[in-house]
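> make a model of this:
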Amino acid sequence: MPSRPRLSPLSAALASTFAALLALPAQAQTLNELYDAARGYDATYQGARAQYDASVARAAQAKAGILPAVGLTAGVTRSDIEIDTLTGTGRGTTTPRDFNTQNVGINATQPLYRPANWATYEQGKRQADIAQAVLTIAEQDLIVRVSQAYFDVLASTDSLALVRAQKVAVAEQLASAKRNFEVGTSTITDSREAQARYDLVIAQEIAAENDLQVKKVVLDQLVGRPGSVPVPLTVPVVLPTALPADINAWVAQADTAHPAIQQARLGVDVAGLEVEKAKAGHKPTLDANLGYNVTRNPTGTTTSTVGTRANAATVGVTFNLPLFAGFATENRIKETLALEDQSRSVLDGTRRSVAQATRAAYLGLVSGAGQVKALEAAEASSQSALDANRLGYQVGVRINIDVLNSQSQLFQTKRDLAQARYNVLLGNLKLRQANGTLTTDDMNAINATLASNGSVPAVPPAIAPDRSPQQQQQPVVPVTPPSIPVIPPVPVQPFNPPAPTMPTAPVPPVILNPPVR
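Now for the predicted structure:
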C-alpha cells in the first residue's frame, strides 16, 4: 500500500489556517452593534418608548385648560305654526304660518382666573419630566441586559474552550498512563483514574455546549438577530476601576442623579399640585367671553311676515363662585393631603433603596477586582504546580492522580478567572446603573476593550500542555486525537472471610470465706 505523503510545515500551517477561517463566523458583532440592534427590537424597550410618547402627549393636554376655546356654530330651523284668533276681528279663525330661521356664529372663551387649570398645567410639565426619567431607567436597563447576555455568551464560550483543552490534556495523560502500564512502569490504577477523569470531562463538555447554546438563544432573542457572535476581549484585559474610590461619593451622586429618585421627587410635586387643585374647589372662577352671531329669517317670524337679519356681537365676563358642594371639596382636600404624605414616603424609600443598591454594587466591584488579582496569581501558581507534578510523575515521585488533580485545578482557575473578569466589566455597568449615571459612553469604554482585527482574544485556543515554549511558536499541525483503548475490568476475588469466633468467658474465681476469730 503506498504511503500517504506528509505535509510540509508550511502546507500544514496553510491547511490549519484555512480550516480556522472556515470555522470562524463571517462577521462577529461588537457590544455597540448588538445594543443598537436591541434598541430597535427589544419588546420591553419598545414598550417603554411608546409609554414615553403617550405620557408626553397626555402631559401636553393639560395646557388646554389655560388657552382660549373657540367654537363655530351654525344651524337651520323650519317652523310650522298655526295661530288661532281668540278675540277681535277674525275671531275663531286659524292662520297657518311657516318660516325658516338660519343662524351662524363664532364664540370664544378665555379663562382669566381658574387656579385648578393652572395646577393641572404645572402637573403636565412634571408628568413629562417623569416620563423622561422612566425612559432613562428603561435605557439603562437595556444596556445592562444586553451586556449581561453578551458576557454570558463569552463566558460560556471560554468555559467550553477550556473544557475541551482539559479534555485534550486528560486524553494525553490517559494515553501516557496506558503506555506506562503496557511497559510495566505503572499500575492499572493510573489508567483507571485517567479514564474516570476523561469521562468526567466529557460530561462537563456536554454541559458546557448546552449552556453555550442556551446563552446564545437568550442573546439572539434580545437583539433580534439569529446567530449573533460576540467579539471576545483582547489581551491584556484592561479592567475598569471604581473612580472615585469613595463609596460615599457614589451614594451622594446617586441622590442627585438617579432617575428613580428624580421620578419620586416629581411625584411629590405632582401630589402637592393635586392638593392645590382640591383647594381650588372653594375659589371662584372668571372667564372672558367673545362672540359674533348672525340670525336670518328670510320669510319672517311668528310676529312678522317681513324677512329679517340680525347681526349680534357680544363681549363679557362670566363669574362663578361655588357656595356649597356637599362637603365634597373638604374631603377631597383630606384625600390629597394623605396622598402627598404617601408620595413623600415613596421618595424616602426610593432614596434608601438606591443608596443600598449603590453600596452593594460598589462593594461587589471592588471585591471582583480583588478576585481577579487573586485568581491571576492562582493561575500562575496552578501552572507551576502542574509543571512540577508532571515532572515528578516522569521521575517517579508523583502519581497519575496528582497530575490529573493539578490539571483540573488549573483549568478550573482559568474558568473562574475568565468569569471574574466578565463580572468586573459587568459590575462597572451595574454600579453606574445603581447610582443612575449609566450612559452609552460607559458601554463604549467597554466596547473599546474588545478584540479587533489582528488582536489576540482573552482566551486563546487551547495548546497541548506538554509543548515547550519553542514548540508553541511553531505552526500547529492538526493531529488526530489518540485513540483511547478500553481497559478491561480487573477481576476481583470475592471477599468471604470466616466468621469470627467469640472467646468464652473465664471461670470466675472462688472466693474463700475468711476464718472466724
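
> in a strand, A312, correct?
Yes: counting by DSSP: H, G, I helix; E, B strand; the rest coil, A312 is part of a strand.

> not counting its neighbours along the chain, what's nearest it?
Leaving aside its sequence neighbours, A312 sits nearest to N293 (C-beta to C-beta, 6 or more residues apart in numbering; 4.9 Å). Every residue, glycine included, has its C-beta placed from N, CA and C.

> what about the one you found, which SS state?
With three-state DSSP as the basis, N293 sits in strand.

> likewise L426?
helix.

> helix or strand right after the helix or strand G75 falls within?
Following DSSP states H and E, one finds G75 within strand 69-84. Next along the chain after strand 69-84, taking DSSP H and E as the criterion, comes strand 94-113.

> name the element A378 belongs to?
For A378, the host element (DSSP H and E) is helix 328-395.

> just for the stretch 1-150 of the chain, where's the confidence low?
For the stretch 1-150 of the chain, the stretches flagged by pLDDT under 70 are 1-26.

> residue ranges in this structure under the pLDDT threshold?
Within the chain, the stretches with pLDDT under 70 are 1-26, 453-517.

> the strand holding G75 - which strands sit beside it in the sheet, and in what orientation?
strand 94-113 (antiparallel) (DSSP bridges).

> on that earlier part again, which outside residues touch the strand holding G75?
If you take C-beta atoms under 8 Å, 6 or more residues apart in numbering as the criterion, strand 69-84 is touched by 93-110, 293, 302.

> for K283, phi and psi?
K283 adopts backbone torsions of phi -100, psi 150, taken as degrees, to the nearest 10.

> ok, it touching P115?
Yes: using C-beta atoms under 8 Å, K283 is in contact with P115, at 5.4 Å.

> which residues sit in contact with A242?
With C-beta under 8 Å, 6+ apart, A242 has these contacts: 250, 362, 365-366, 369, 428, 431.

> can you tell me how far it is from Q123?
A242 sits 39 Å away from Q123, going by C-beta to C-beta, to the nearest Å.

> check R39 too.
Relative to Q123, R39 is positioned 30 Å away (C-beta to C-beta).

> which one of the two has more residues nearby?
For R39 and Q123, the more surrounded residue by other C-beta atoms under 10 Å is Q123, and the numbers stand at 21 against 17.

> next, the angle from the helix or strand that contains the more buried one to helix 328-395.
Under the criterion of DSSP H and E, Q123 resides in helix 115-183. Interaxial angle, helix 115-183 versus helix 328-395 (axes from the mean of the first three to the mean of the last three C-alpha atoms, to 10 degrees): 10 degrees.

> past helix 115-183, which element shows up next along the chain?
Scanning forward in sequence from helix 115-183 by DSSP H and E, the next helix or strand is helix 188-223.

> past that next one, which element shows up next along the chain?
Assigned by DSSP H and E, the successor of helix 188-223 is helix 247-257.

> contacts for the following helix or strand past that next one, please.
For helix 247-257, the succeeding helix or strand toward the C-terminus, using DSSP H and E, is helix 259-279. Helix 259-279 is contacted by residues 115-116, 119-120, 122-123, 126-127, 129-130, 133-134, 136-137, 140, 254-255, 329, 332-333, 335-337, 339-340, 342-344, 346-347, 350-351, 353-354, 436 when judged by C-beta under 8 Å, 6+ apart.

> what's the answer for stretch 301-311, then?
Stretch 301-311 has contacts (C-beta under 8 Å, 6+ apart) with 79, 81, 83, 97, 99, 101, 292-300.

> surely N289 meets I106?
No: judged on C-beta under 8 Å, N289 makes no contact with I106 at a distance of 11.9 Å.

> wait, which of the contacts of A242 is closest to Q195?
A369 (40.3 Å; C-beta to C-beta).

> how near is that closest one to V217?
To V217, A369 is 31 Å away according to C-beta to C-beta.

> neighbour-wise, which of the two wins?
Each of A369 and V217 has its neighbours counted (other C-beta under 10 Å); A369 has more, 20 against 13.

> give me the spatial nearest neighbour of that one, chain neighbours excluded.
Using C-beta to C-beta, 6+ apart and skipping the chain neighbours, the partner closest in space to A369 is V424 (5.6 Å).

> any of the contacts of strand 69-84 buried? List them.
Using 16 or more other C-beta atoms under 10 Å as the burial test, those include 99, 101, 103, 105 as buried.

> want to throw the residues you listed into JSON lines with distance to A155?
JSON lines is the format used below for those (distance: C-beta to C-beta, whole Å):
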{"residue": "F99", "distance to A155": "89"}
{"residue": "T101", "distance to A155": "83"}
{"residue": "N103", "distance to A155": "78"}
{"residue": "G105", "distance to A155": "74"}
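
> nearest the geometric middle of this protein, what residue?
Centroid-nearest residue in the chain: R145, 2.8 Å away (criterion: C-alpha atoms, centre = their mean).

> isn't that residue right up against L219?
No: assessed by C-beta under 8 Å, R145 is found out of contact with L219, at 10.0 Å.

> the residue lying closest to T109 once chain neighbours are set aside: how many residues sit nearby?
Among residues not flanking T109 along the chain, A69 sits closest, at 5.0 Å (C-beta to C-beta, 6+ apart). By the criterion of other C-beta under 10 Å, A69 has 12 neighbours.

> what helices and strands are in contact with the helix holding Q123?
Where contact means 3 or more C-beta pairs under 8 Å, 6 or more residues apart in numbering; DSSP states H and E, helix 115-183 is packed against helix 31-39, helix 43-61, helix 188-223, helix 259-279, helix 400-434, helix 440-447.

> could you give the angle of it to helix 43-61?
Here helix 115-183 points in a direction 170 degrees away from that of helix 43-61 (the same axes, to 10 degrees).

> show me how far the helix holding A378 is from its chain's centre.
Offset of helix 328-395 from its chain centre (C-alpha atoms, centre = their mean, to the nearest Å): 15 Å.

> packing partners of it?
Applying 3+ C-beta pairs under 8 Å, 6+ apart, we find helix 328-395 packed against helix 247-257, helix 259-279, helix 400-434.

> re earlier: any of the contacts of stretch 301-311 buried? List them.
In these, the ones that pass as buried (16+ other C-beta under 10 Å) are 99, 101, 297, 299.

> CA atoms only: put stretch 105-121 into CSV for me.
Listed next in CSV are the C-alpha coordinates belonging to stretch 105-121 (Å, rounded to 0.1, in the frame of the first residue of the first chain):
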residue,chain,number,x,y,z
GLY,A,105,-71.8,82.3,14.9
ILE,A,106,-68.3,82.1,16.3
ASN,A,107,-67.7,82.3,20.1
ALA,A,108,-64.5,82.2,22.2
THR,A,109,-63.9,81.7,25.9
GLN,A,110,-60.7,82.7,27.7
PRO,A,111,-60.1,81.6,31.3
LEU,A,112,-59.0,84.5,33.3
TYR,A,113,-58.8,83.0,36.8
ARG,A,114,-59.0,79.2,37.1
PRO,A,115,-56.5,78.0,39.7
ALA,A,116,-57.4,74.4,39.2
ASN,A,117,-56.5,74.7,35.5
TRP,A,118,-53.1,76.3,36.2
ALA,A,119,-52.3,73.5,38.7
THR,A,120,-53.2,70.9,36.1
TYR,A,121,-50.9,72.7,33.6
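
> alright, calling it a day.
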